[in-house]
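**Student:** Here is a sequence with its predicted model. Questions after.
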Amino acid sequence: MLTQKTIVLGITGGIAAYKAADIASRLTRAEARVEVVMTRSATEFITPLTLRTITGRPVVTEIFAPIPEFNITHIALAEVADVVAIVPATANIIARLAAGISDDVLTCVVLATRAPVIVAPSMNVNMFENSVTQDNLNKLKARGFIVVDPRYGRLASGKMGVGRLAGVDEIVGIIKQVLGRGGDLAGKCIVVTSGGTQEPVDPVRHLGNRSSGKMGYAVAEAARDRGAKVKLVTAPTSLPEPAGIEVVHVRTAVQMRDAVAEAVPEADALIMAAAVADYQPKSAAANKIKKETSTLTLELVRTPDILAEVKGSFLRIGFAAESQDLVENARKKLEGKRLDLIVANDITDKDSGFGVDTNKVTLIDKQGNAEALPLLAKREVADRILDKVVGLFGKGRTVVN
């Protein structure tokens with residue numbers, strides 16, 4: 001997704017400058033070309049050599065710094081950038097950009113570029129909350145700058161407050177989202193479900209499954225990075241919320257059904273990656289069940305069949321986790337639920353399925369065509385699924401009334 005993309009990473013003089021090295025590393029590993037521009041004060045916190053070693057590219061610290069392939073360095077950087085990200089952005093750089101001042105190489109690059117500009121502030125809470133800083137940020141937003149708001153946490157001063165740099169995952173996610181605006185899913189709304197539902201037995205226990213939510217989150221992030229508007233309906237997971245995605249948290253199958261029904265009116269596709277429990281206790285105990293007998297009998301009833309119940313005109317993609325007769329069982333589910341595509345996963349493979357970062361799946365469409373994929377990272381599987389979705393959009397949507 002980031003291959004052949006050029007990201008100008010601006011680093012300014014804040015204590016969070018060291019986190020820019022992690023961002024540069026992640027982007028470089030994703031095969032982006034990362035051009036680092038540092039203010040003079042940034043070099044007091046992290047050395048240019050560190051960033052050059054990570055990116056394999058010269059680091060620009062002065063406006064007249066020569067780079068062999070560039071004529072006028074700051075103009076060339078402004079023109080080749082697909083996105084400019086300033087991480088961290090101090091109150092000083094924010095004020096200068098808001099005033100249109102171009103007195104160093106970074107401000108010159110920003111004023112000369114037509115690429116989207118992402119600003120991730122990091123500073124003392126009093127500086128961030130000062131009306132001058134807030135006015136300057138509002139000016140930048142009004143001009144189309146994308147501001148990744150800082151978070152509450154412990155600051156360099158030792159105090160707690162808002163001003164801590166947003167997480168690296170969030171910032172990288174926003175960069176990917178911005179770069180994906182012209183992707184093959186631009187203008188589409190994709191609803192994704194994820195995680196394993198939990199059906200309460202009593203206030204402290206539930207019936208559930210081993211789903212980690214990783215596959216659903218991978219699909220949601222991949223759709224975001226290809227330009228889609230994404231709504232993620234997720235049962236409990238330990239995963240951080242993906243940036244740039246509307247996330248709805250649910251616990252039970254009934255809650256997931258209701259959230260999906262609310263989300264799909266504007267959906268172009270529904271991708272049901274969640275592992276929805278098949279059964280739930282007929283009634284949950286109001287108080288904790290005590291261990292007073294040698295056995296315990298629970299009466300279970302079926303949970304809602306979300307794919308079968310949800311109405312509307314959109315592509316329907318389901319998942320089938322099977323321990324036997326993989327393709328045969330998946331095809332039955334495809335036909336029974338009137339799906340456009342089903343992702344069949346053999347959960348007997350220890351490297352595929354719940355709790356791991358890889359999956360080995362077979363993609364089956366409603367024409368009966370089956371494509372068995374090799375063992376891949378879940379993000380790669382997500383993109384292969386979305387490749388199919390893109391192709392299906394040209395064939396019309398399934399309508400269920």
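**Tutor:** Here it is on my side, so go on.

**Student:** Hmm, residue 281 is touching residue 297, no?
**Tutor:** No: judged on C-beta atoms under 8 Å, residue 281 makes no contact with residue 297 at a distance of 10.8 Å. To be clear about C-beta, it is placed using only N, CA and C from the backbone, and glycine gets the same treatment.

**Student:** Mind checking which of these two has more residues around it?
**Tutor:** residue 281 (17 against 5; other C-beta atoms under 10 Å).

**Student:** any idea how far the more buried one is from residue 203?
**Tutor:** Remark: distance between residue 281 and residue 203 (C-beta to C-beta, to the nearest Å) = 13 Å.

**Student:** What count of nearby residues applies to residue 296?
**Tutor:** 9.

**Student:** Next up, the contacts around it.
**Tutor:** Going by C-beta atoms under 8 Å, 6 or more residues apart in numbering, residue 296 touches residue 289.

**Student:** and if you look at residue 265?
**Tutor:** Here residue 265 is in contact with residue 312 (C-beta under 8 Å, 6+ apart).

**Student:** Next up, the contacts around residue 104.
**Tutor:** Shown in contact with residue 104 (C-beta under 8 Å, 6+ apart): 39-40, 63.

**Student:** for the chain, what helix or strand is lowest in average pLDDT?
**Tutor:** strand 399-400 (a mean of 68; mean pLDDT, DSSP states H and E).

**Student:** which SSE is residue 153 in?
**Tutor:** strand 151-154 (DSSP states H and E).

**Student:** which residues are in contact with that strand?
**Tutor:** Taking C-beta under 8 Å, 6+ apart as the rule, strand 151-154 contacts 160-162, 164-167.

**Student:** same thing but at 7 Å, please
**Tutor:** 160-162, 164, 166 (C-beta atoms under 7 Å, 6 or more residues apart in numbering).

**Student:** if we can go back for a sec, ok, so of the contacts of residue 104, who is nearest residue 346?
**Tutor:** residue 39 (52.8 Å; C-beta to C-beta).

**Student:** So what's the residue count around the nearest residue to that closest one once chain neighbours are set aside?
**Tutor:** Excluding the flanking residues, the one nearest residue 39 by C-beta to C-beta, 6 or more residues apart in numbering is residue 12, at 4.9 Å. Using other C-beta under 10 Å, residue 12 is surrounded by 28 other residues.

**Student:** cool, residue 322 as well?
**Tutor:** Counted with other C-beta under 10 Å, residue 322 comes out at 18.

**Student:** Quick check: phi and psi at it.
**Tutor:** phi -130, psi 150 (degrees, to the nearest 10).

**Student:** which SS state does the nearest residue to it once chain neighbours are set aside fall under?
**Tutor:** Distances taken as C-beta to C-beta, 6+ apart place residue 329 nearest to residue 322, at 4.9 Å, with adjacent residues excluded. Following DSSP: H, G, I helix; E, B strand; the rest coil, the label given to residue 329 is helix.

**Student:** And for residue 43, the neighbour number?
**Tutor:** 17.

**Student:** And residue 165, by the same measure?
**Tutor:** Residue 165: 25 neighbours (other C-beta under 10 Å).

**Student:** contacting residues for it?
**Tutor:** 16, 19, 88, 120, 122, 150.

**Student:** Now, of the residues you listed, which are buried?
**Tutor:** Applying 16 or more other C-beta atoms under 10 Å to the contacts of residue 165, the neighbour count classes 16, 19, 88, 120, 122, 150 as buried.

**Student:** Need the max-distance pair from these.
**Tutor:** 19 and 150, at 12.0 Å, using C-beta to C-beta across the buried ones among the contacts of residue 165.

**Student:** For residue 179, give its distance to residue 235.
**Tutor:** 30 Å.

**Student:** Pick out whichever of these two has more residues nearby.
**Tutor:** Each of residue 179 and residue 235 has its neighbours counted (other C-beta under 10 Å); residue 235 has more, 26 against 21.

**Student:** low-scoring stretches of the chain, by residue?
**Tutor:** Scanning the chain with the threshold set as pLDDT under 70 gives 65-71, 396-399, 401.

**Student:** Okay, helices next: where are they in the stretch 51-200 of the chain?
**Tutor:** With DSSP state H, counting those that start in this stretch, the ranges of helices along the stretch 51-200 of the chain come out as 73-80, 91-98, 105-112, 125-129, 131-142, 168-179.

**Student:** Out of the ones you listed, flag the one nearest residue 389.
**Tutor:** helix 168-179 (18.1 Å).

**Student:** Remind me what that closest one packs against, helices and strands.
**Tutor:** For helix 168-179, the packing partners by 3 or more C-beta pairs under 7 Å, 6 or more residues apart in numbering; DSSP states H and E come out as helix 19-29, strand 83-89, strand 117-121, helix 214-225.

**Student:** quick one, which of the ones you listed is nearest to residue 270?
**Tutor:** Comparing the helices and strands packed on helix 168-179 by C-beta to C-beta, helix 214-225 comes nearest, at 11.3 Å.
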